[in-house]
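# the following comprises the amino acid sequence and a computationally predicted model.
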Amino acid sequence: MIGRKKEIEVLQSAFESPRPELLAVIGRRRVGKTYLVRTFFEGKMDFEMVGLKDGTRKQQLRNFAYSLQEFQPDEAPRKAPKDWLEAFFQLKQYLEKKDTKGRKKVVFIDELPWIATAKSDFLTGFSYFWNSYASKHPIVVIICGSATAWMIKKIINNKGGLHNRVTQKITLAPFTLAETEAYLGSLGVSFTRYQILQFYMTMGGIPHYLNQVKKGKSAIQNINDICFDPSGLLRTEFENLYSSLFTNPERYEAIVSALASKWKGLSRAEILAQIDMKDGGGITLILKELEQSGFITSYVPFGKKKQNTLYRLTDNYSLFYLKYIKELAPNQKGNWKTLSQTQSWKSWSGYAFENICLQHIHKIKEALDIRGVHTQEYGFIAKSSEIGEGTQIDLLIDRHDNVISLCEMKFYNEEITLSKSEADKLRRRRAIFRNANQTKKQIFIVLITTYGLLANKYSSEIIDNVVIMDDLF
């Protein structure tokens, strides 16, 4: 298995601990949650059920009965239970009889949010099962769902019968660049790191998406097939992605589309203005759920207060889809080779590279040799009306060693040569930041780019550190 070392340690700990464990696994759709659990517990699973998307309560109960029958092939088929209390009583009876030869029993309920709908009363039955049986026996119960916000609200922060019952949690993140490189290598695909960066811009580190890559084809051919061919997986994944996670997905998609239009991010008020929605509790919940699900990121710019919070769209695939795929007619086949040569892509790729840098701040800190230094990361925006000339800094690292690193991120297909005008721009940016905040900390300017920087008199005057593409892997 590629990566997932910490997650495997959690699973191992839950399986080997002397106490019963209720383990919640959360993470966005297609990130590999089911694969992780099934692979680790291969040959040890005592019951598994996968919820049905849009299934009725009756269908989910029949699905439970069929799942239980698969683990009792010699038993006569049972009728579907009439409710979830009866269903979990049947599961309890089955587990009590099952001999696992001293090891913990393992129960896995996948896509829980699809089962536990508002009128299903599933959580009543599940609470009964955990509190009356599982919590008193050597057992690991794994519950899993792609609707991250639902899992956090209904399970992890449950105020009823499951309050404080979750003993361990795994939040499964997309692959990092290094894990993506290793995963593509396991598929027999050999790309340069520059090409892997381009792939990461289009789909992020989502294993199921990366699994579509075919060896023997170039990076451009693969992106064409996966994203721009009418039958490609990512041609229509956007609608499936949001509808599988959220009720009334149109509202979530509208906010995501609004955020895609402004790279620095939007305030709550700006989002409301763009989507023509009144302020209220609805927008608060949607923004919270989008952030918990990993699609957007909120940040308070350096020197500002919480009411100045900005929201950025940081899901790589959503950014790419809204820019290049959304407007294609259903049967229209896009041409990525042509698109990737346009000025529009050059501009967009710069933002996408910034996004990747923000997702790999831990690697930037390693490259700067400040891994052990406590830091806080910010963006910085100063409007021209506030302090004279305005500026924007997408990443600054405020360090507890009395230094602030101002990061300039540039995606380029060769080494960068810094011109006098570019050096002057960086010098002004540093001065504006210092004047706006009156900081007494030392300010370093860090260039983060693909292939590095050619030294000249301008670079030596203004650039303190250089982080290259390889440092991000």
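All right, it came through fine.
# from now on I want contacts and neighbour counts done on CA atoms only, so please keep to that.
OK.
# could you look up the SS state of the residue located most distally from the centre of the chain?
Here the chain reaches farthest from its C-alpha mean at residue 76, the gap being 43.7 Å by CA atoms, centre = their mean. Following DSSP: H, G, I helix; E, B strand; the rest coil, residue 76 is assigned to coil.
# ok, it to residue 254 distance?
According to CA to CA, to the nearest Å, residue 76 stands 51 Å off from residue 254.
# next: residue 208.
On the measure of CA to CA, residue 208 and residue 254 end up 25 Å apart.
# what strand or helix carries the most centrally placed residue in the chain?
Taking CA atoms, centre = their mean as the criterion, residue 294 is the residue nearest the geometric centre of the chain, at 4.1 Å. For residue 294, there is no host helix or strand (DSSP states H and E).
# residue 29 is in contact with that one, correct?
No: using CA atoms under 8 Å, residue 294 is not in contact with residue 29, being 10.4 Å away.
# picking that back up, looking at the residue farthest from the centre of the chain now. What's its pLDDT?
pLDDT for residue 76: 87.
# that one: what's it in contact with?
Contacts for residue 76 (CA atoms under 8 Å, 6 or more residues apart in numbering) come out as none.
# show me the shaky parts of the stretch 301-450 of the chain.
By pLDDT under 70, the low-scoring segments of the stretch 301-450 of the chain are 385-388.
# all strands of it, in order?
According to DSSP state E, counting those that start in this stretch, the stretch 301-450 of the chain carries its strands in the segments 310-313, 375-382, 391-399, 403-410, 416-417, 442-449.
# just put those in a markdown table and tack on distance to residue 261.
A markdown table is the format used below for the strands of the stretch 301-450 of the chain (distance: least, CA to CA, whole Å):
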| stretch | distance to residue 261 |
| --- | --- |
| strand 310-313 | 9 |
| strand 375-382 | 17 |
| strand 391-399 | 16 |
| strand 403-410 | 20 |
| strand 416-417 | 28 |
| strand 442-449 | 24 |
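# single out the most deeply packed of these.
Of all the strands of the stretch 301-450 of the chain, strand 310-313 carries the top mean neighbour count, a mean of 24, counting by mean count of other CA atoms under 10 Å.
# outline the domain layout of this protein.
Split into domains by automatic domain parsing, the chain comes to 5-171, 177-238+325-352, 252-320, 368-472.
# how close does residue 425 get to residue 447?
Residue 425 sits 13 Å away from residue 447, going by CA to CA.
# ditto for residue 466
For residue 466, the distance to residue 447 - CA to CA - is 5 Å.
# and for residue 262?
23 Å.
# all strands of the stretch 151-300 of the chain, in order?
Remark: strands assigned in the stretch 151-300 of the chain by DSSP E, counting those that start in this stretch are 168-171, 266-267, 296-299.
# and the closest residue to residue 45 other than its chain neighbours, how many neighbours does it have?
Among residues not flanking residue 45 along the chain, residue 106 sits closest, at 5.3 Å (CA to CA, 6 or more residues apart in numbering). By other CA atoms under 10 Å, the residues close to residue 106 number 20.
# one more: the one 3 residues further on?
Residue 109 is flanked by 19 other residues according to other CA under 10 Å.
# Validate this expectation: it resides in a strand.
Yes: with three-state DSSP as the criterion, residue 109 is part of a strand.
# need the contact list for it.
48, 49, 50, 51, 141, 142, 143, 144.
# secondary structure class for the second one?
Yep, that's residue 49 we're talking about. Three-state call for residue 49 (three-state DSSP): strand.
# for the contacts of residue 109, which one is nearest residue 289?
Ranked by distance to residue 289 (CA to CA), the contacts of residue 109 are led by residue 144 at 16.8 Å.
# what's the burial count for the closest one?
With other CA under 10 Å as criterion, residue 144 counts 25.
# which strand or helix spans it?
Using DSSP H and E, residue 144 falls in strand 139-145.
# for that strand, the distance to its chain's centre please.
With CA atoms, centre = their mean, to the nearest Å as the basis, strand 139-145 stands 21 Å off its chain's centre.
# just the residues contacting it, thanks.
14-15, 19-27, 33-34, 104-113, 134, 151.
# state the mean pLDDT of it.
On average, strand 139-145 scores 97.
# using CSV, list the CA coordinates for that strand.
In CSV, the C-alpha atoms belonging to strand 139-145 read as follows (Å, rounded to 0.1, in the frame of the first residue of the first chain):
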residue,chain,number,x,y,z
ILE,A,139,-14.5,-5.8,18.8
VAL,A,140,-13.5,-3.2,16.3
VAL,A,141,-16.4,-1.4,14.7
ILE,A,142,-15.4,0.8,11.7
ILE,A,143,-17.8,3.3,10.4
CYS,A,144,-17.0,5.1,7.2
GLY,A,145,-18.5,7.9,5.1
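# okay, now the sheet partners of it, with direction.
Strand 139-145 pairs in its sheet with strand 21-26 (parallel), strand 105-110 (parallel), by DSSP bridges.
# can those strands go into a markdown table with extra columns for distance to residue 313 and mean pLDDT?
Shown next, in a markdown table, are the strands paired with strand 139-145 (distance: least, CA to CA, whole Å; pLDDT from 0 to 100):
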| stretch | distance to residue 313 | mean pLDDT |
| --- | --- | --- |
| strand 21-26 | 20 | 97 |
| strand 105-110 | 28 | 98 |
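# average model confidence for the helix or strand encompassing residue 130?
Assigned by DSSP H and E, residue 130 belongs to helix 122-132. For helix 122-132, the mean per-residue pLDDT is 96.
# buried set for that helix?
By 16 or more other CA atoms under 10 Å, the buried positions in helix 122-132 come out as 122, 123, 124, 125, 126, 127, 128, 129, 130.
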